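Q: My questions are about this predicted structure, shown below with the sequence.
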Amino acid sequence: DSGVTQTPKHLITATGQRVTLRCSPRSGDLSVYWYQQSLDQGLQFLIQYYNGEERAKGNILERFSAQQFPDLHSELNLSSLELGDSALYFCASSAAAGQGAGTFGSGTRLTVV
Amino acid sequence: EDKVVQSPLSLVVHEGDTVTLNCSYEVTNFRSLLWYKQEKKAPTFLFMLTSSGIEKKSGRLSSILDKKELFSILNITATQTGDSAIYLCAGNYGGSQGNLIFGKGTKLSVKP
């Protein structure tokens, strides 16, 4: 157990739907990162939050959004889902903002049908 | 455009062999290079390299960074079947963001 908790572990949904993925960072970590891993693209950085504020954006689609709450857990919202959004979504956390993603959660496997 | 390229993409060896995995990078405002091992799900952290020429070791694994030639290698000696995994290399382009650009990974298969 890495200390980073992601729920749900698996999610199957239909095209056009909206889902929310949840992440609880490791205790004491203020920075949360979201990554998408697909077979053809590899691991792609989506967005980073630090202590409740958005810190950086990567290859995140406009249909996707995220936030980090006062208790430091984070949610990634994916809307108007397409087949190509099927992927493994990882959350990672680190203590400071500039450390990169130190500890990964076990991921949420999203399948869009 | 920032990129990280790993080679080979896949590798099959037998137990006891020594392997070298390669990672080259072009990362703006480069800060550090990280290696991860990904078995079934979550990548697990192996090394973070910030200085050229200083080898980091952990058991049978070692890694070194060359900031002049913009590459890093990960060595695994006396491989075991448990070393079978995807090894990911990532460049950290620092600043206050500290985000990572990952390579596509090297899939290592160690046969008994």
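A: Great, that's in hand.

Q: buried ones in the helix or strand harbouring residue A:12?
A: Assigned by DSSP states H and E, residue A:12 belongs to strand A:10-13. Of all the residues in strand A:10-13, those buried under the rule 16 or more other C-beta atoms under 10 Å in any protein chain shown are A:11, A:13. Any C-beta I mention is one placed from the backbone N, CA and C, and that applies to glycine too.

Q: pretty sure residue A:70 is touching residue A:52, no?
A: Yes: between residue A:70 and residue A:52 there is a contact under C-beta atoms under 8 Å: 6.3 Å.

Q: Of those two, which one has the most company?
A: residue A:52 (14 against 7; other C-beta atoms under 10 Å in any protein chain shown).

Q: Quick check, pLDDT for the more buried one.
A: Each residue has a pLDDT score; the one for residue A:52 is 95.

Q: ok, it to residue A:23 distance?
A: Per C-beta to C-beta, to the nearest Å, residue A:52 is found 14 Å from residue A:23.

Q: likewise residue B:62?
A: To residue A:23, residue B:62 is 32 Å away according to C-beta to C-beta.

Q: Counting neighbours, go ahead and name the busier of these two.
A: residue A:23 (27 against 15).

Q: Give the closest residue to the more buried one in space, chain neighbours not counted.
A: residue A:91 (3.3 Å; C-beta to C-beta, 6 or more residues apart in numbering or on different chains).

Q: List, one by one, the residues from chain A near chain B.
A: Counting by C-beta under 8 Å from any C-beta of the partner chain, chain A comes close to chain B at A:2, A:4, A:31, A:33, A:42-45, A:48, A:55-56, A:58, A:88, A:90, A:94, A:96-107.

Q: burial count for residue A:104?
A: When counting by other C-beta under 10 Å, one arrives at 23 neighbours for residue A:104.

Q: Return, as residue ranges, the portions of chain A with sub-threshold pLDDT.
A: Applying pLDDT under 70 to chain A flags the ranges A:97-101.
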